[in-house]
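Asker: Provide a 3D model corresponding to the input given below.
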Amino acid sequence: MTLEIAPRRFRSIRLRKLKSDVLLGMLWLAGLIAVVPLLLIVGYVLAKGVPAINAAFFTETAPPPAVPGGGMAQAFVGTGMIVGIATLISVPLGVLTAIYLSEFGRGRLAAGVRFVAEILLSTPSIVAGAFIWALVVVAMHSFSALAGAIALTVLMWPIITRATEETLRLVPTELREGALALGSPRWKMVLRIVLPTAGSGILTAVMLAVARGFGETAPILLTSLGNDFMNADPLQPTDAVPLRVYNYAQSAFPQWQTLAWGGAITLLAAVLVLSIGARILSDRQRRRLG
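Answerer: Predicted coordinates for the structure are as follows:
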């Protein structure tokens, strides 16, 4: 009877291994199918945009039509100003909201805040831009970098809030209980124990939010408008790299189209670096708290 069971068990093991190999092969195939279009897009952008990358591209402003040379310096300055202001607003707001939801929030108010954050996560960016246009641009009677930053804040705040809340919940309860048992107030426990422990995860959330802010075009188009000249006043219309790429890509001048591809490379590189950095920090945080 033992001789009859052994071949049956052996066939069962071989069948399970075969199923595992088939499913693993299908996973690799699916991953390859997903990566190939990405590689094709990156390769095409690089082939089109590399001729535009030089010192003038980062130091000179927009050239007149059909004039060789020039760059997108005003767009880089504008993007830095808009995303910088949006980060200064959304990071404290998002982290404080996450602390409230994770450590103190209970009942309907916390559920309502969490629901609003979830809704904003899936809100189209053009809706956020139209809302800020009606709320800020119309009230100020002017497009501005500040209005663009507020529009990006609407998109960045929920990312920081939800990701930071999940990170704070991963902090072991024993650390909180130990600090409270030693007589530490709850606010001090959060400030000195929970936040430093979850620091990498919070930084990951910020990097993901900034990566989204870099690539948004619709809210900037509706709130900041753009500017062909250098501008450092946050209350005036300001250019941005996504907006400049959008305008140049639909122009009839080859030089402007080349600059648009160069701007696309810079956006691709910025988002790629931020995304990879966020992934590395996320893995490090998971191993640290695991």
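Asker: which stretches of this protein form helices?
Answerer: 2-49, 55-59, 73-99, 107-121, 125-132, 138-140, 145-170, 173-181, 186-189, 195-197, 199-215, 218-223, 241-249, 254-289 (DSSP state H).
Asker: Same list, those helices, but as CSV with mean neighbour count, distance to residue 235 and mean pLDDT please.
Answerer: C-beta: built from backbone N, CA, C; applies to glycine. Below are the helices of the chain laid out as CSV (neighbours: other C-beta atoms under 10 Å; distance: least, C-beta to C-beta, whole Å; pLDDT from 0 to 100):
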stretch, mean neighbour count, distance to residue 235, mean pLDDT
helix 2-49, 10, 32, 84
helix 55-59, 14, 25, 92
helix 73-99, 21, 11, 95
helix 107-121, 13, 26, 91
helix 125-132, 19, 15, 94
helix 138-140, 11, 8, 93
helix 145-170, 25, 6, 94
helix 173-181, 12, 44, 88
helix 186-189, 14, 36, 89
helix 195-197, 16, 34, 89
helix 199-215, 22, 20, 91
helix 218-223, 26, 12, 93
helix 241-249, 22, 18, 93
helix 254-289, 17, 25, 87
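Asker: For residue 66, which of those helices is the nearest?
Answerer: helix 254-289 (6.8 Å; C-beta to C-beta).
Asker: Distance to residue 65 added to the helices of the chain, as CSV?
Answerer: Below are the helices of the chain laid out as CSV (distance: least, C-beta to C-beta, whole Å):
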stretch, distance to residue 65
helix 2-49, 19
helix 55-59, 17
helix 73-99, 16
helix 107-121, 40
helix 125-132, 28
helix 138-140, 31
helix 145-170, 25
helix 173-181, 62
helix 186-189, 59
helix 195-197, 52
helix 199-215, 26
helix 218-223, 21
helix 241-249, 11
helix 254-289, 7
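Asker: For residue 230, find the nearest of those.
Answerer: helix 73-99 (4.6 Å).
Asker: so the closest one versus helix 107-121, what angle?
Answerer: Inter-element angle recorded for helix 73-99 and helix 107-121: 160 degrees (by axes from the mean of the first three to the mean of the last three C-alpha atoms, to 10 degrees).
Asker: got a list of what the nearest residue to residue 101 once chain neighbours are set aside touches?
Answerer: Using C-beta to C-beta, 6 or more residues apart in numbering and skipping residues adjacent in sequence, the residue nearest residue 101 is residue 165, 4.9 Å away. Residues in contact with residue 165, defined by C-beta atoms under 8 Å, 6 or more residues apart in numbering, are 97-98, 101-102, 114.
Asker: between the helices of the chain, which gets nearest to residue 233?
Answerer: The nearest among the helices of the chain, by C-beta to C-beta, is helix 145-170 at 7.7 Å.
Asker: chain center to that closest one: distance?
Answerer: Relative to the centre of its chain, helix 145-170 is centred 9 Å away, using C-alpha atoms, centre = their mean, to the nearest Å.
Asker: Repeat that for stretch 45-52.
Answerer: 24 Å.
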